[in-house]
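Novice: Predicted model and sequence follow; I will ask about them next.
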Amino acid sequence: MNTPTLQRAPDPRFAPRDFLEHLYRVAVDRALPLQSMGACLPAPPKGRTLVLGAGKAGGSMAQALEALWPADAPLEGLVVTRYGHIPPRPEGLAQRIEVVEAAHPVPDQAGLDAARRILALTEGLTADDLVLCLISGGGSSLLTLPAEGMTLADKQRINTQLLESGAHIGEMNCVRKHLSRIKGGRLAAACAPARVVTLTISDVPGDDPAVIASGPTVPDASTCADALAILARYRIEVPAPVRAALENGTLETPKPGDAVFDGHVTHVIAAPQQSLEAAADAARAAGIDAHVLSDEIEGESREVGKVHGALARSVARRGMPFSKPCVILSGGETTVTIRPRQPGQAKGRGGRAGEFCMGLAGALAGCEGVWALAADTDGIDGVEDNAGAVVTPDTLARAAAAGVKLADHLDRNDAYGYFEAIGDLLITGPTHTNVNDFRALLIL
């Protein structure tokens, strides 16, 4: 469930890295579900209350709901989260919602089994019943139920190709919705005639519930034609029967205005902007001006790092557009396009945050007075055990002394190996929430 355990901020002038890690913890704690779920809960219904959900924050959302829901009101259900992302259960908190684990970012059999069970639990619901859906980032792969004509292996291949293509999250989720029996509003349709209240933690630019976890309980405005165009753009093949079903509209999703969504309510209980603002407030409380650029920054991670580097250099050297000392904060969801490997070249390790930090370190080129941290707020950068990495004024010098070349690691998307060699990985373990990328640049 997790509750904030924040301490006073370290002095940024003497402990810049500790200060940046403090801002990261503030941002994460602001996104914990117990902070804001209570205000969004409806009253218990006449009938059953069924809880269904998926996402990296699923375990903590389920525990928060168990803590907040009236003890004398029935509560049951099933939520799927990522392996290792179930938080410790607080002493005395009775478990009323089953939580299971599955794979992310590439789906596995456990996720398939969980999705089948979740869909089966909707059978027999009545108009007197309430369905509380707990949705957070990562749900697209955790809640996997391939469309007719597709196998799990097909879904895994397509998902991997999308992840490596450089497609942005909206494109990926458009395809995922149309190749699924549970996403893109289909879970809500299965719950009819019960009332559905969706509680979601946003991990996407713009906080659109239709994009978060591929919107299993909300209308989908995208079309089969959109999905086909994206598959063509990134040269991704699907089985012939599935392509035919996309072409003739058989795999179309429920649209806005569909009566199946009448009476349904969606609440975004935590969002990236809220976490960035919390971090900004913490910086100001420590006497450091803070500037939030945006919570919707997208693009190639290394290129976004270069742009942030140019901005930090301008502040450090010319005091423009901000005066130092200051912190520059940003969020969003960048992408990493996996470069083809050369014969004999080792496979790179790392995710968006590490790739951003490599691009940033190269752009800063040892600029004095600039420290930075970039991390995923779920505590996992891609599929590794680190949340992200830290950049310091002497990152390049220390890497050179260790015999590590930035260009080599960029060529093979190996941020993990680069920052591991100089002790600058940020390792937090799962945070049990997810509001996507967090980036903080400290200029002194």
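Specialist: Looks like it came in fine.
Novice: For the lengthiest strand in the chain, list every residue counted as buried.
Specialist: Secondary structure of the chain read by DSSP state E shows that its longest strand is strand 289-297. Counting neighbours by 16 or more other C-beta atoms under 10 Å, one finds that the buried residues in strand 289-297 are Ala290, His291, Val292, Leu293, Asp295, Ile297. All C-beta atoms are positioned from the backbone trio N, CA, C, and that covers glycine.
Novice: In CSV: those residues, plus distance to Gly257 and pLDDT.
Specialist: Rendered in CSV, the data for these read as follows (distance: C-beta to C-beta, whole Å; pLDDT from 0 to 100):
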residue, distance to Gly257, pLDDT
Ala290, 42, 98
His291, 40, 98
Val292, 35, 98
Leu293, 36, 98
Asp295, 29, 96
Ile297, 32, 96
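Novice: Between those, which sits nearest Leu187?
Specialist: Asp295 (26.7 Å; C-beta to C-beta).
Novice: Outline the domain layout of the protein.
Specialist: Annotated domains of the chain cover 16-30+272-443, 33-145+180-219+254-270 [automatic domain parsing].
Novice: Quick check: end-to-end length of stretch 26-42?
Specialist: 28 Å (C-alpha to C-alpha, to the nearest Å).
Novice: quick one: average confidence on it?
Specialist: Mean pLDDT, stretch 26-42: 96.
Novice: What of stretch 117-129?
Specialist: Over the span of stretch 117-129, the pLDDT mean works out to 97.
Novice: Give me the contact list for that stretch.
Specialist: Judged by C-beta atoms under 8 Å, 6 or more residues apart in numbering, the contacts made with stretch 117-129 from elsewhere in the structure are 45-50, 52, 54, 77-78, 80, 131, 143, 145, 181-182, 187, 190-195.
Novice: Of those residues, which qualify as buried by neighbour count?
Specialist: With burial judged by 16+ other C-beta under 10 Å, the buried subset of the contacts of stretch 117-129 is 45, 48-50, 52, 54, 77-78, 80, 131, 143, 145, 181-182, 187, 190-192, 194-195.
Novice: Run the chain-centre distance for stretch 158-173.
Specialist: On the basis of C-alpha atoms, centre = their mean, to the nearest Å, stretch 158-173 sits 14 Å off its chain's mean C-alpha point.
Novice: Use 842 as the first number from now on
Specialist: Right, with 842 as the first residue, what we last looked at is stretch 999-1014.
Novice: buried ones in it?
Specialist: The neighbour-count check on stretch 999-1014 (16+ other C-beta under 10 Å) flags 999-1000, 1002-1004, 1006, 1008-1014 as buried.
Novice: between those, which is closest to Ala912?
Specialist: Of all these, Asn1014 has the smallest distance to Ala912: 37.0 Å, by C-beta to C-beta.
Novice: and the closest one, how far is that from Gly1200?
Specialist: 25 Å (C-beta to C-beta, to the nearest Å).
Novice: tell me which element Ala1151 is part of?
Specialist: When elements are assigned from DSSP states H and E, Ala1151 belongs to helix 1142-1159.
Novice: If you count neighbours, what's buried in stretch 1242-1258?
Specialist: Of the residues in stretch 1242-1258, those buried under the neighbour-count criterion (16+ other C-beta under 10 Å) are Val1245, Leu1247, His1250, Leu1251, Arg1253, Asn1254, Asp1255, Ala1256, Tyr1257, Gly1258.
Novice: What lies in contact with the helix holding Ala1151?
Specialist: Contacts of helix 1142-1159 with the rest of the structure, by C-beta under 8 Å, 6+ apart, involve 1138-1139, 1161-1165, 1167, 1169, 1171, 1175-1177, 1193-1194, 1196-1205, 1208-1211, 1213, 1215, 1251, 1280, 1282, 1284.
Novice: Now a PyMOL select for only the buried ones of those.
Specialist: In PyMOL, the members of the contacts of helix 1142-1159 classed as buried (16+ other C-beta under 10 Å) are selected with the following command:
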select buried, resi 1138+1139+1163+1165+1167+1169+1171+1175+1176+1177+1193+1194+1196+1197+1198+1199+1200+1201+1202+1203+1204+1205+1208+1211+1213+1215+1251+1280+1282+1284
